[in-house]
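# The following comprises the amino acid sequence and a computationally predicted model.
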Amino acid sequence: MKYVTAKPSLIRPIASLVFNIFLDMMALLAGAWIWFTIGIVITAAQVCWVFHISQNGIVVDDKGVRGKATGNKFQLEYRQITSVGEMKTDSGKGLTLAAGYKTYNITVKKAREVCEAIHHNLELLGLNPGQAQPNFADVTTTPFAAEARDISAATVITLEQLRQHVVEICRQEFTGKEIDKFYMCEQIPPKKMQNAIKSFAPTCNYSEKPILFYDNTIIGSGKNGFLLTTKSFYAKPSMGSAETSYIHSIVAVHNDNVKKDSCDIVINLDMGKVITIDAVGENKNGERVAITNVLARTIALLNSSQLQF
C-alpha cells in the first residue's frame, strides 16, 4: 500500500495577504482612514479565506481516502471510489475524486502523486474505478448502486423500489457535480427535518414518507428549501411564505433565472398557481439545474406509479 498526505499550496494566498497588509500599513501611515478601514475589512476576510484553504487536503492510506475539500469532509473506502484524476484550477493543480454522484475537487501540491497512490492501492485490492459496491449508509458521500431495478413501467411499486429508482436518478443527474445540502429518504438529518416541519411543512405527518429534501439556507438550518414526500410537496423560498401542494397537482418543474451563483426552481401547479424557490449556491457546473431535474423526474415517477407501503 502507498501512503500519501497532501495539502494545498498557500504561496499565492499568503503572498496576496502580505501585499494587502502592506497596503493597509501605507494607508495608515498616510492617514487615509477610510481606505485603511476598508483595507482592514478586506484583509480580515482574506485571513479567514487562507485559514479555510489551509484546512483542505487529502490522506491516502490502507483504510482508504479521507480529507476535506471546499469545506466538505469525506472519508471513503477504496471500493467506493468511482473515478480519480488530475485537474487544473485557477489556484494550481489538483485532483478530482468521485464516489457515486458525489465529486470532490481538491487543490493540492502533490496531485499526481496522490492519483498514482490511489490507483496503485486500487490495483492491489483488485479494484478499478467504477467498480464501487452499493452502500446506502450515507447517500451524500457513498456511491449509488451500479444497477437499480427497472421500475419505470411499473404501476404498483414498493417504497424500496421507489428509493432504488430515485437513487439511480440522482446518480445520473449528479455525477461529476458537487451537490450540497441535498438529502434523500432516511438520510435527511433529523434536526433539519424538524426545522423544515416547523418552518414550512407543519401538515406533514406519519402517513407520508420523505423522499427528497433540499436545504436552501446559507447556514444549513433547513428552514428554507423544499421537502418532497410520497404525498405532498412543501416549499419555502428565502424571502417568501411557505407553500404546499399535493403531488398530483404539479404539472411542471423547471428552472428560471439561471446564473452561475443561483438558479430559481419553478413548480407549476394546476389552476395556474406557481411556486418559486430561489435556489442559492454554486451553479457554475449546473448543480442547481441537476437538483431541479431530480425533483422533476421523481415527481413524474410518483405521479405515474401507485405506491404500496
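That came through fine. Residues are numbered from 1 along each chain as shown.

# burial count for Val13?
Quick fix: residue 13 is Pro, not Val. 19 (other CB atoms under 10 Å). Where C-beta positions appear, they are placed from N, C-alpha and C, glycine not excepted.

# Offset the numbering so it begins at 56, please.
Sure, I'll start numbering at 56, so the last one becomes Pro68.

# I'd guessed it sits against Val105; true?
Yes. Look at Pro68 against Val105 with CB atoms under 8 Å: they come within range, at 4.7 Å.

# Doesn't Ile89 belong to a helix?
Yes. Counting by DSSP: H, G, I helix; E, B strand; the rest coil, Ile89 is found in a helix.

# Now that we're looking at it, what pLDDT does it have?
The model reports Ile89 with a pLDDT of 91.

# State the number of residues packed around it.
Ile89: 8 surrounding residues under other CB under 10 Å.

# just the one 10 residues further on next, same as before
Other residues lying near Ala99 total 11 when counted by other CB under 10 Å.

# For Thr347, what are phi and psi?
phi -60, psi -40 (degrees, to the nearest 10).

# Contact partners for it?
308-310, 318, 320, 334 (CB atoms under 8 Å, 6 or more residues apart in numbering).

# again, 7 Å this time
308-310, 320 (CB atoms under 7 Å, 6 or more residues apart in numbering).

# By neighbour count, which of these wins?
Neighbour max across the contacts of Thr347 (other CB under 10 Å) = Ile320, 25 neighbours.

# That one: what secondary structure?
Quick answer, by three-state DSSP: Ile320 is strand.

# Any idea how many residues pack against the residue nearest to it when sequence neighbours are not counted?
In space, and not counting its chain neighbours, Ile320 is closest to Ile332: 4.3 Å by CB to CB, 6 or more residues apart in numbering. Neighbour count for Ile332, taken as other CB under 10 Å: 25.

# which stretches of the stretch 156-305 of the chain have low pLDDT?
The model of the stretch 156-305 of the chain has pLDDT under 70 over residues 156-158, 183-210.

# switch the cut-off to 80
Within the stretch 156-305 of the chain, the segments meeting pLDDT under 80 span 156-160, 182-212, 230-235, 240-242, 260-262, 293-295.

# Strands along that one, start to end?
With strands called from DSSP state E, counting those that start in this stretch, the stretch 156-305 of the chain shows them at 157-162, 211-213, 237-239, 265-270, 280-284, 287-291, 298-301, 305-311.

# Check which strands are paired with the fourth one and give the direction for each one.
Looking at strand 265-270 with DSSP bridges, its paired strands and their directions are strand 237-239 (antiparallel), strand 280-284 (antiparallel).

# Comparing those, which comes out most buried?
Ranked by mean neighbour count, the strands paired with strand 265-270 are led by strand 280-284 with a mean of 25 (mean count of other CB atoms under 10 Å).

# Apart from its chain neighbours, what residue comes closest to Leu83?
Nearest one to Leu83, counting by CB to CB, 6+ apart, is Phe91 at 5.0 Å.

# what about the one you found, distance to Thr98?
10 Å (CB to CB, to the nearest Å).

# shared neighbours of the two, anything?
In contact with both Phe91 and Thr98: Asp79, using CB under 7 Å, 6+ apart.

# circling back to that earlier point, just checking, the residue nearest to Ile320 is part of a strand?
Yes. With three-state DSSP as the criterion, Ile332 is part of a strand.

# roughly how far apart are Val349 and Asn176?
Applying CB to CB to Val349 and Asn176 gives a distance of 32 Å.

# quick one: contacts for Ile354?
302, 305, 308.

# Are we agreed that it is in a helix?
Yes. The assignment for Ile354 (three-state DSSP) places it in a helix.

# Export the strands paired with strand 265-270 to TSV and append columns for distance to Ser359.
Listed next are the strands paired with strand 265-270 as TSV, based on distance: least, CB to CB, whole Å:
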stretch	distance to Ser359
strand 237-239	19
strand 280-284	15
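
# Quick one, which of those gets closest to Leu180.
Ranking the strands paired with strand 265-270 by proximity to Leu180 (CB to CB) places strand 237-239 first, at 28.3 Å.

# For Ile136, give me phi and psi.
The phi/psi pair for Ile136 (degrees, to the nearest 10) is phi -80, psi 130.

# What's the local residue count around it?
Ile136 is flanked by 25 other residues according to other CB under 10 Å.

# Hmm, it is touching Leu150, no?
No. Judged on CB atoms under 7 Å, Ile136 makes no contact with Leu150 at a distance of 11.6 Å.

# circling back: just so I know, which of the strands paired with strand 265-270 lies nearest Lys118?
Across those, closest to Lys118 is strand 237-239 (CB to CB), at 25.8 Å.
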